[in-house]
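*Asks:* Here's my sequence, what's the structure:
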Amino acid sequence: MITPPLVSVICITYRHEKFIGQALEGIVMQRTDFPFEVIVHDDASSDGTADVLRDYERRYPELIKPIYQTVNQHSREKGFVTRTVNAAAKGKYIALCDGDDIWTDPDKLAKQVALLEADPTITGTYHATRIMDHEGKDTGKLLREELPDQLDTEGTMAELSPFHTSSFVYRVGRYPEALPAWTWKLHSADMVLFTLVAGEGRLCKVEGVMSSYRKHAGGITTTTVQNGASYHWHRILLWLFMDRHFNYRYTAKCEELLLEHWRRILWQSTPKQRLNYLARSVRAVPGWFLRKPLFSIQRFLEAVKR
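*Replies:* Reported below is the predicted structural model:
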């Protein structure tokens, strides 16, 4: 009888020929007393990513469970890749590591799973993450200099992600299968996941710096997706949708975040663009603005006129 995996490690990769080997090495070196699987999704990379993945599949046939696409799916349907890997996952817990990041501690999974197993009220765990350059050299910086010992739902709601995706191991529960449809309208699916999982219980920190995040020219944080007025508008949408999802329990926090992102939009857009962003926000979540008419009129529309 085959023992089902306790953890499903999900690794999404695209054109990571130079990096995917390091990412997989960090995963296969994990020391655990429980079985885990590694679901690696290559989204029709045009470089040698798939060749590297096939080599690891051959070397670790019991561990590496690859999904090879012949046509890029992300460009055809947002959310398809995430839904595909989640559907393939069999574990009680899910751990994340993109194909250009690295797990650096061989006991990472064991430490995080031990905490989750010991306390069912903990729905997710995270830890500190180093920043490395495109060559994989340590920059001497952490993604977040200080991490709280635990985070509730409101604690995950922030201008920037509270921790890095490569540090997240979480209890499956309702998520990721029940991720709301609006998730795929945003550029920040990881932050959606963090907040929703926190809403099922609480997130707790595990001590240690156990992963490295690679900053390189092809990475998401260097693209227009993560820069400029459009980025800040997507953040506004994120918190509007999220506040509605939680039946408007976090409106005060949402207001704070909206204003901060709106200030950034003011610096980076024309009056016409601001009106467009505002109109699209109202159309996306009209109920939020109907509940907060004074906030909407006095703050957003005043800002548009600047």
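*Asks:* just the strands in this protein please.
*Replies:* Taking DSSP state E as the criterion, the chain carries its strands at 7-13, 36-42, 64-68, 93-96, 102-103, 122-132, 138-142, 150-151, 169-171, 202-214.
*Asks:* tell me how far the third one is from the chain's mean position?
*Replies:* To tie it back to what came earlier, the one meant is strand 64-68. 21 Å (Cα atoms, centre = their mean, to the nearest Å).
*Asks:* And for the last one?
*Replies:* Averaging C-alpha coordinates over strand 202-214 and over its chain gives two centres that are 14 Å apart (Cα atoms, centre = their mean).
*Asks:* Also the fourth one?
*Replies:* With Cα atoms, centre = their mean as the basis, the distance from the averaged C-alpha position of strand 93-96 to the chain average is 12 Å.
*Asks:* circling back to that earlier point, present the strands of the chain as TSV; the columns should include distance to H234, mean pLDDT and mean neighbour count.
*Replies:* Where you see a C-beta, it was placed from the backbone N, CA and C, and this is true even at glycine. What follows is the strands of the chain, written out as TSV (distance: least, Cβ to Cβ, whole Å; pLDDT from 0 to 100; neighbours: other Cβ atoms under 10 Å):
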stretch	distance to H234	mean pLDDT	mean neighbour count
strand 7-13	19	98	24
strand 36-42	23	98	23
strand 64-68	27	97	18
strand 93-96	20	98	24
strand 102-103	27	97	24
strand 122-132	22	97	22
strand 138-142	25	92	12
strand 150-151	22	98	18
strand 169-171	23	97	23
strand 202-214	20	97	20
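*Asks:* Let me know which of those strands is the nearest to F163.
*Replies:* strand 122-132 (4.1 Å; Cβ to Cβ).
*Asks:* Just checking: what are the partner strands of the closest one?
*Replies:* Partner strands for strand 122-132, per DSSP bridges, with pairing direction: strand 138-142 (antiparallel), strand 169-171 (antiparallel), strand 202-214 (parallel).
*Asks:* where in the stretch 201-306 of the chain is pLDDT low?
*Replies:* Along the stretch 201-306 of the chain, the model assigns pLDDT under 70 to residues 216-227, 293-306.
*Asks:* just the helices in it please.
*Replies:* For the stretch 201-306 of the chain, the helices defined by DSSP state H, counting those that start in this stretch cover 229-245, 251-268, 271-284, 286-291, 293-295, 302-304.
*Asks:* Would you point to the one among those that's packed deepest?
*Replies:* With neighbours defined as mean count of other Cβ atoms under 10 Å, the helices of the stretch 201-306 of the chain peak in mean count at helix 229-245, which reaches a mean of 22.
*Asks:* Give me the packing partners of it, helices and strands only.
*Replies:* Counting contacts by 3 or more Cβ pairs under 8 Å, 6 or more residues apart in numbering; DSSP states H and E, helix 229-245 packs against helix 189-198, helix 251-268, helix 271-284, helix 286-291.
*Asks:* how about the strands paired with strand 122-132, which one is nearest G99?
*Replies:* Nearest to G99 among the strands paired with strand 122-132 is strand 202-214 (9.7 Å), distances taken as Cβ to Cβ.
*Asks:* nearest to S188, of the helices of the stretch 201-306 of the chain?
*Replies:* Across the helices of the stretch 201-306 of the chain, S188 has its closest neighbour in helix 229-245 (5.4 Å, Cβ to Cβ).
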